[in-house]
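Undergrad: Any chance you could fold what I've pasted below:
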Amino acid sequence: MRMVHDLFDFYLRSSLHVSLCYIAFFAVVALSAGFEPTIWELLAVGTSTLVGYNLAKYVHLLQRSFRFRRWIIALTMVCVVVALVAVVEMGINAIALFLVCGLLTSLYALPEILGRSFRQIPILKLLTIGLCWSLMAVLLPEIIIENSELLENSVFRKENFGMPIVLVLPILKYTLFVIALCIPFEIRDLKYDASELRTLPQLIGIRASEYTGIFLLLIVAGIDIWQFEVTQYDSVIALVIYALTALAIAFSNKFKSDYYASFWVESIPAIWLGLWCAVNY
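TA: Numbering: from 1, shown residues only. Here you go, the predicted structure:
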């Protein structure tokens, strides 16, 4: 049992879980847009997510000892190599997109920005995570589709809504969803975060943070109902996921275990992908 617990702990601490869940999120967004990702895209987004999260979590601890330090560094370095190979394989536009998201992550990890930590700028952490997740999931399929001249087969084709609507609405929708998904993590970390970080629960309190997350999900659901993307079944599945996320937010202060957010809440995108595949395949 001890070995199983240690392996599970490493799985969470090394960001393997969040990277797999982001692969699921990316796959759902891409598949819903009519794009079936290849192993290269999945490898690129998965390994770059692991590298980005470990950079943000551990770069300031490299001179100190922390659990699984050697293994986490080794895994991160392997993922750096895999991410570089996979991203380069996708071309210059994809490289530019990964650089933008990587820059946002790097700024978050740097100790000082304009005289203070990037993390200490209120709400910017949530916006950064939400934008990185949504920009990659929405724009990478667009880039690959255009590069492969398959635009006529995609929901992204210009005659559907006009390019600005096609890109802006999904980015807005998924950014708000990811911000809402992060609320349980913000509440969980309240007992660890220094007061100067000024996270959302520190600024407005736990109850108001929960209400904010649920309000964001209502906006996301409204956008989905208005769009009815791809098929009605996909929208129904999305609404079920939004309801599940709202429940996760509502119970985030009642379940004190760190695993509640780190594993169960983080797994919501994987549940989404599972439901999507069950209905569409």
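
Undergrad: what comes into contact with the helix or strand hosting M77?
TA: Here M77, judged by DSSP states H and E, is contained in helix 69-89. By CB atoms under 8 Å, 6 or more residues apart in numbering, the list of residues contacting helix 69-89 from outside reads 10, 13-14, 16, 40-41, 43-44, 47-48, 50-51, 54-55, 58, 62, 66, 94-95, 98. Just so you know, the C-beta spots here come from the backbone N, C-alpha and C atoms, and that holds for glycine as well.

Undergrad: and with 7 Å instead?
TA: Applying CB atoms under 7 Å, 6 or more residues apart in numbering, the set of residues contacting helix 69-89 from outside is 10, 13-14, 40, 43-44, 47-48, 50-51, 54, 58, 94-95, 98.

Undergrad: just those now: which is nearest P170?
TA: In terms of CB to CB, no member of these lies closer to P170 than A94, at 17.7 Å.

Undergrad: Help me confirm that the closest one comes into contact with I143.
TA: Yes - under the criterion of CB atoms under 7 Å, A94 lies in contact with I143, with a separation of 5.4 Å.

Undergrad: what about those two, which has more around it?
TA: Under the criterion of other CB atoms under 10 Å, the comparison of A94 against I143 puts A94 first, with 22 against 17.

Undergrad: Wasn't the more buried one part of a helix?
TA: Yes - counting by DSSP: H, G, I helix; E, B strand; the rest coil, A94 is found in a helix.

Undergrad: which among the contacts of helix 69-89 end up buried?
TA: Neighbour-count burial (16 or more other CB atoms under 10 Å) is assigned, among the contacts of helix 69-89, to 13-14, 43-44, 47-48, 50-51, 54, 58, 94-95, 98.

Undergrad: could you dump those to CSV with secondary structure?
TA: Conversion of those to CSV gives the following (three-state DSSP):
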residue, secondary structure
R13, helix
S14, coil
L43, helix
A44, helix
T47, helix
S48, helix
L50, helix
V51, helix
N54, helix
Y58, helix
A94, helix
I95, helix
F98, helix
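
Undergrad: Which of those sits closest to L181?
TA: The nearest one, if we look at the buried ones among the contacts of helix 69-89 relative to L181 and count by CB to CB, is L50, at 18.0 Å.

Undergrad: Return the item of the contacts of helix 69-89 having minimum pLDDT.
TA: pLDDT is lowest at Y58 among the contacts of helix 69-89; the value there is 79.

Undergrad: Next, count neighbours for the residue nearest to I237 when sequence neighbours are not counted.
TA: Closest residue to I237 in three dimensions, ignoring its sequence neighbours and counting by CB to CB, 6 or more residues apart in numbering: L275, at 4.8 Å. By other CB under 10 Å, 19 other residues sit near L275.

Undergrad: Would you quantify the distance from L275 to L20?
TA: According to CB to CB, to the nearest Å, L275 stands 16 Å off from L20.

Undergrad: Please apply the same query to Y11.
TA: For Y11, the distance to L20 (CB to CB) stands at 9 Å.

Undergrad: Comparing those two, which residue is more hemmed in?
TA: Taking neighbours as other CB under 10 Å, Y11 and L20 compare with L20 leading, 19 against 14.
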